[in-house]
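Enquirer: Predicted structure and sequence below. I'll ask about it afterward.
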Amino acid sequence: GNKYCLGRRLFELGNQISVCQPSGLRDVALPFLSALYERTHQTVHLAVLSGVDVLYLEKIYGHSPAKSPSHVGRRVPAACSGLGKAMLAFSRPAQVKDVLAKGLQRRTPYTISVESLFLAELAEIRRRGVAFDREEVMLGLTCVAAPIMQGGCAIAAISVTGPTSWFDPSTYARRVQDAAAAIGQNLTSVSL
C-alpha cells in the first residue's frame, strides 16, 4: 500500500558503505568528475560492477542532459553499457563468465547479443583503453567510458554521455581516460 515509504534513515545508512564514506571511491573521484564535467559540459557518471550489473555511484548532469536510465543507486546490465564494458574488459575472467552465463540480453537493436562479438568487443576495449556505448542501453544515448584501475583490474569506471544526434564520443575519449587514470592514482593511498 502507500502507508510506508523510504525515509532519511535509509539514506543515512546507505551513505555508510565504503564507496560513499569520505575515504571511499566516490569522494576521491568527485573532484575529477567535476573537472571532467567542466571540460565537457556533458553528463558524467561514476559506477562500479555489482554482480552482472553496473551500479551508478555518482552522476553530474550536463547542460543538455540526454534522457538517460541512469540515476545514483540505479543499475543497468553491464554487458550493454559503456561503463560495464570498460570494467568487464579489465576484470577477472570469472566476472565475464558470470555476465555471459546470465545471457546477453538485447535492449536495443544495437546491443551486442552474440557471445563471440561481445568477447571481441572486450578485446578491442583492452586495446584502445576506452569503451563506447552507441545506443546499446537506450536509443538516442551515446557514451564513452574508461576503467579506474587498481592492481591490474578495473574497480570502477567513469563515462561522459550525450545525445546520439550530436555527441561524438571519440572526441572525449582522451579526457575520460585521463580522468580515470588520475582517480586510480589518487586511490593508491586510500583503502577501499
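Expert: Everything's here; your move.
Enquirer: Could you list the buried residues of stretch 27-41?
Expert: For stretch 27-41, a neighbour-count test (16 or more other C-beta atoms under 10 Å) marks 28-29, 32-33, 36-37, 40 as buried. For every residue, glycine as well, the C-beta is placed using N, CA and C.
Enquirer: Apologies, that question was intended for stretch 74-85.
Expert: 75-85.
Enquirer: what sits against the most centrally placed residue in the chain?
Expert: Central residue of the chain (C-alpha atoms, centre = their mean): L83, 3.0 Å from the mean position. Residues in contact with L83 (C-beta atoms under 8 Å, 6 or more residues apart in numbering) are 45, 47, 54, 131, 133, 143, 145, 157-159.
Enquirer: quick one, phi psi at S50?
Expert: phi -130, psi 100 (degrees, to the nearest 10).
Enquirer: in the sheet, who's paired with the closest residue in space to it that isn't next to it in sequence?
Expert: Excluding the flanking residues, the one nearest S50 by C-beta to C-beta, 6 or more residues apart in numbering is R75, at 6.6 Å. Beta bridges link R75 to L55, judged by DSSP bridges.
Enquirer: any idea how far R75 lies from R128?
Expert: In this view, R75 and R128 are 26 Å apart by C-beta to C-beta, to the nearest Å.
Enquirer: In strands, which of the buried residues of stretch 27-41 fall?
Expert: When the buried residues of stretch 27-41 are checked against strands (DSSP state E), there are no matches.
Enquirer: Which residue ranges of this structure form helices?
Expert: Secondary structure of the chain (DSSP state H): helices located at 8-14, 25-40, 82-89, 93-102, 115-128, 173-186.
Enquirer: just the CA coordinates of the fifth one, formatted as PDB?
Expert: Listed in PDB are the C-alpha atoms of helix 115-128, where the atom choice follows Å, rounded to 0.1, in the frame of the first residue of the first chain:
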ATOM      1  CA  GLU A 115      28.900 -14.000 -27.300                       C
ATOM      2  CA  SER A 116      31.800 -14.100 -29.800                       C
ATOM      3  CA  LEU A 117      31.100 -10.400 -30.800                       C
ATOM      4  CA  PHE A 118      30.900  -9.400 -27.200                       C
ATOM      5  CA  LEU A 119      34.300 -11.000 -26.400                       C
ATOM      6  CA  ALA A 120      35.800  -9.400 -29.500                       C
ATOM      7  CA  GLU A 121      34.400  -6.000 -28.200                       C
ATOM      8  CA  LEU A 122      36.100  -6.600 -24.800                       C
ATOM      9  CA  ALA A 123      39.400  -7.300 -26.600                       C
ATOM     10  CA  GLU A 124      39.100  -4.100 -28.600                       C
ATOM     11  CA  ILE A 125      38.400  -2.100 -25.400                       C
ATOM     12  CA  ARG A 126      41.500  -3.600 -23.800                       C
ATOM     13  CA  ARG A 127      43.500  -2.500 -26.900                       C
ATOM     14  CA  ARG A 128      42.200   1.100 -27.000                       C
END
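Enquirer: Only the buried residues of that helix, if you could.
Expert: 118, 121-122, 125.
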